[in-house]
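*Asks:* using only what follows, build the 3D model:
(one chain, ligands or ions: 1)
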Amino acid sequence: MHHAIQAERLVKTYGKVRALDGLSFEVPTGTIFGLLGPNGAGKSTAVRILTTLSRPDDGTATVAGLDVMRSQDQVRLAIGCVTQKISVDPATTGRENLVLHGALYGLPRRDLRRRTDELLARFGLAEAADRPARTYSGGMQRKLDVAMGLIHRPRVLFLDEPTTGLDPEARAALWAEIAGLAADEGLTILLTTHYLEEADRLAATLAIVDRGRVVAAGSPDALKNELRGDAIVADLAGTESLAEAERALGRVPGAREVTVSGRRLRARVDDGAAAVPLVLAALDAAGVRVGAITVARPSLDDVYLRHTGRTFEEEAA
Ligand SMILES: Nc1ncnc2c1ncn2[C@@H]1O[C@H](COP(=O)(O)OP(=O)(O)OP(=O)(O)O)[C@@H](O)[C@H]1O
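*Replies:* Modelled structure (predicted):
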């Protein structure tokens, strides 16, 4: 199976609100996919349809090769869902939370015990396993939540805004766990997020959703590369003529939009990393000494702006 998730022209309306307006995307098996968009873009609606909790008005979708409308029960066994609402019972220990959740899937006792130990170890919760979950930090509770979603060994895991509300350290720790799950266990993961950095770090491919449609899709790098051009910034160390430095930079093949401010030179180039040695050589040949040189790649925020006409940060606010 090449694609673990396929959504085709999904439409869902709530009264006059067109929550999904022909949403299509696909997720290669064993990869992490990010569904990125501001509040109200339609991410949760899409996830509800893919996890069989809601039916589309139009369009089709398959998950793990199964039609989400025709094979609901099989889809439910093939997927794990971690929603924004924590499903951990705070009065119960981490281990018991896992066991109770596994019992819902009818896992045999021995297998369930083995799987529970495996997941507690995997998420670094073995030592805390027999403490009530209410004594856990927010990050630990979220890990337990993800572990519960994996108890029945699903092939596809849905994570709805997994790191919302976590502090930066706990967020980074959970990112590492999520990345490891796809890499080690061949799990396909769909995560929704409104953190650009989260999608950028984790997702092999992503789709930017705007008003119920995918406006751009691809790998974070491919999307950024479409913007054609890194910024290259050189800070001059000496007191050489800026005009000379500017002319030298202008002679580097592919360098454009060359500007000077203070002792700082900027230019746009197609491939920043490849241009650095050329820029340094050109400036050196002109007798210009460089103190520092940096390359800034276009960000996902630039990509979002390009495709929606609005900045992501503005939208989130
Ligand atoms: N049950 C519902 N009844 C009415 N309108 C709804 C319902 N669910 C979603 N909507 C509307 O559909 C649109 C898409 O909502 P959805 O929750 O899918 O967006 P989202 O991208 O997941 O946003 P969030 O990040 O806030 O969850 C919004 O305008 C929302 O108000």
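*Asks:* quick check: residue 38 vs the ligand, distance?
*Replies:* 7 Å (C-beta to the nearest ligand atom, to the nearest Å). Backbone N, C-alpha and C define where each C-beta goes, glycine included.
*Asks:* give the contact list for that residue.
*Replies:* 194, 210, 312, 315, 316 (C-beta atoms under 8 Å, 6 or more residues apart in numbering).
*Asks:* filter these down to the ones in strands?
*Replies:* Among the contacts of residue 38, the residues falling in strands (DSSP state E) are residue 210.
*Asks:* got a winner among the contacts of residue 38 for most neighbours?
*Replies:* residue 312 (22 neighbours; other C-beta atoms under 10 Å).
*Asks:* list the contacts of that one.
*Replies:* Applying C-beta under 8 Å, 6+ apart, we find residue 312 in contact with 38, 196, 300, 301, 304, 305.
*Asks:* number of nearby residues for residue 137?
*Replies:* Neighbours of residue 137 under the rule other C-beta under 10 Å: 13.
*Asks:* thought it was touching residue 170?
*Replies:* Yes. Counting by C-beta atoms under 8 Å, residue 137 does reach residue 170; the two are 6.9 Å apart.
*Asks:* drop anything exposed from the contacts of residue 312.
*Replies:* By neighbour count, with 16 or more other C-beta atoms under 10 Å, the contacts of residue 312 hold 38, 196, 300, 304, 305 as buried.
*Asks:* name the nearest residue to the third one, ignoring sequence neighbours.
*Replies:* Counting by C-beta to C-beta, 6 or more residues apart in numbering, the nearest residue to residue 300 once its immediate chain neighbours are dropped is residue 196, at 4.4 Å.
*Asks:* and the one you found, what's its pLDDT?
*Replies:* On pLDDT, residue 196 comes in at 85.
*Asks:* ok, now which ones touch it?
*Replies:* Residue 196 sits next to 36, 299, 300, 301, 304, 312 when contact means C-beta under 8 Å, 6+ apart.
*Asks:* next step: those restricted to strands.
*Replies:* Mapping the contacts of residue 196 onto strands (DSSP E) picks out residue 36.
*Asks:* tell me, which of the contacts of residue 196 make contact with the ligand?
*Replies:* Among the contacts of residue 196, not one lies near the ligand by C-beta under 6 Å from any ligand atom.
*Asks:* in CSV: the contacts of residue 196, plus distance to residue 17 and pLDDT.
*Replies:* Listed next are the contacts of residue 196 as CSV, based on distance: C-beta to C-beta, whole Å; pLDDT from 0 to 100:
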residue, distance to residue 17, pLDDT
36, 20, 91
299, 30, 80
300, 26, 85
301, 26, 78
304, 22, 84
312, 22, 75
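*Asks:* now the strands for the stretch 51-200 of the chain?
*Replies:* 58-63, 66-67, 79-82, 156-160, 188-193 (DSSP state E, counting those that start in this stretch).
*Asks:* which of those strands sits most buried?
*Replies:* Among those, ranked by average contacts under mean count of other C-beta atoms under 10 Å, first place goes to strand 188-193 (a mean of 26).
*Asks:* just the CA coordinates for that one, please, in CSV.
*Replies:* Taking C-alpha atoms only, strand 188-193 is exported to CSV below (Å, rounded to 0.1, in the frame of the first residue of the first chain):
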residue,chain,number,x,y,z
THR,A,188,2.0,6.5,9.4
ILE,A,189,1.2,9.7,11.4
LEU,A,190,-1.2,12.5,10.5
LEU,A,191,-0.7,15.4,12.8
THR,A,192,-2.7,18.7,12.8
THR,A,193,-0.9,21.7,14.1
